[in-house]
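A.B. asks: sharing a model that was predicted from the sequence below.
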Amino acid sequence: MESVILRCDEVTVDFDGFKAVQGMNLTLVKGELRFLIGPNGAGKTTMLDVICGKTKPASGKVTFGGGSVDITRKKEHQIAELGIGRKFQTPSIFASLTVSENFEIAMKQNRGVFAAMRAKMRAEDSDRIAAQLEMVGLAEKAHRRAGGLSHGEKQWLEIGMMLLQEPEILLLDEPVAGMTDNETEKTGELLQEIRKTQSVVVVEHDMEFVRNFASFVTVMHEGKLLKEGSMEDVQRDDRVAEVYLGK
Ligand code: ADP
């Protein structure tokens, strides 16, 4: 049986009387790569904010790990520690450090950033970092300054840094925005690789990317769930076509 790793029940978010999300339900199972799509202002980013604890819902419930932990009112750092990693559109990397130095810090971040800079590396840490560099395609750039990487490479660096903290769920907001076609393709392959060990939720506007890599899609509109299913099902839905795909 598929095991549920995240559940959002009847989540409503109210910004001074404006309901950005209204009674939204979302269930994620282990090892899933879920795309969250919908027109601008549909409430997608707000949902990611609710899951990672940045925004508190007015009502509803968010549970992590098959319903065992209620995270609705937990603080952002507590949710991160439980194993939900959030990546924003702008990468938070240390531009003046090398790629591998960034990874070293990420590896030890639970000790605090400055303690992490001073802490000694262990042999197993180096192996883990080498494997992660390989996975995100930055092995040959390990000694380059992070600030000098291409836009796509910076995104992969940050994804790699998040993975070193071993989250169970990764939340990504438009990871391929601004990427070249080649970088977009590589990112899709990377996400397929990541889902072998983690669950991933991706807010995405690039429909071609979604078509190529999505197995399951959730469509939001005006803060609500409009449709859920395979990309084929979703594309066939008249309401989706009307509000979103412009057909
Ligand atoms: P999406 O990611 O689907 O484009 P968002 O979740 O960013 O949509 O936004 C949903 C709606 O909530 C939008 O109308 C947006 O203007 C509004 N909104 C988002 N954040 C805030 C905020 N902090 N204060 C007030 N309104 C907000």
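C.D. replies: Alright, I've got the coordinates. Numbers count the residues shown, from 1 in each chain.
A.B. asks: and the pLDDT at residue 66?
C.D. replies: With respect to pLDDT, residue 66 scores 64.
A.B. asks: right, I mislabeled it, should have said residue 7
C.D. replies: Value for residue 7, per-residue pLDDT: 95.
A.B. asks: does it touch residue 65 like I think?
C.D. replies: No - counting by Cβ atoms under 8 Å, residue 7 sits too far from residue 65 to count as a contact (9.4 Å). Yep, even glycine has a C-beta here, placed from its N, CA and C like the rest.
A.B. asks: need the contact list for the residue lying closest to residue 173 once chain neighbours are set aside.
C.D. replies: Nearest residue to residue 173 in three dimensions, chain neighbours excluded: residue 203, at 4.9 Å (Cβ to Cβ, 6 or more residues apart in numbering). Residue 203 makes contacts with 35, 36, 37, 44, 45, 47, 48, 172, 173, 174, as judged by Cβ atoms under 8 Å, 6 or more residues apart in numbering.
A.B. asks: the fourth one contacts residue 34, doesn't it?
C.D. replies: This points to residue 44. No - taking contacts as Cβ under 8 Å, residue 44 lies outside contact range of residue 34: 11.4 Å.
A.B. asks: buried ones in stretch 233-247?
C.D. replies: Using 16 or more other Cβ atoms under 10 Å as the test for burial, stretch 233-247 gives 234, 235, 237, 240, 243, 244.
A.B. asks: again, but for stretch 81-95
C.D. replies: Result for stretch 81-95 [16+ other Cβ under 10 Å]: buried residues 82, 83, 84, 85, 86, 87, 88, 91, 93, 94.
A.B. asks: now do stretch 211-226: everything it contacts.
C.D. replies: For stretch 211-226, contacts defined as Cβ under 8 Å, 6+ apart pick out 12-13, 19-26, 32-39, 41-44, 46-47, 185, 188, 191-192, 210, 227-231, 234, 237, 239-240, 243-244.
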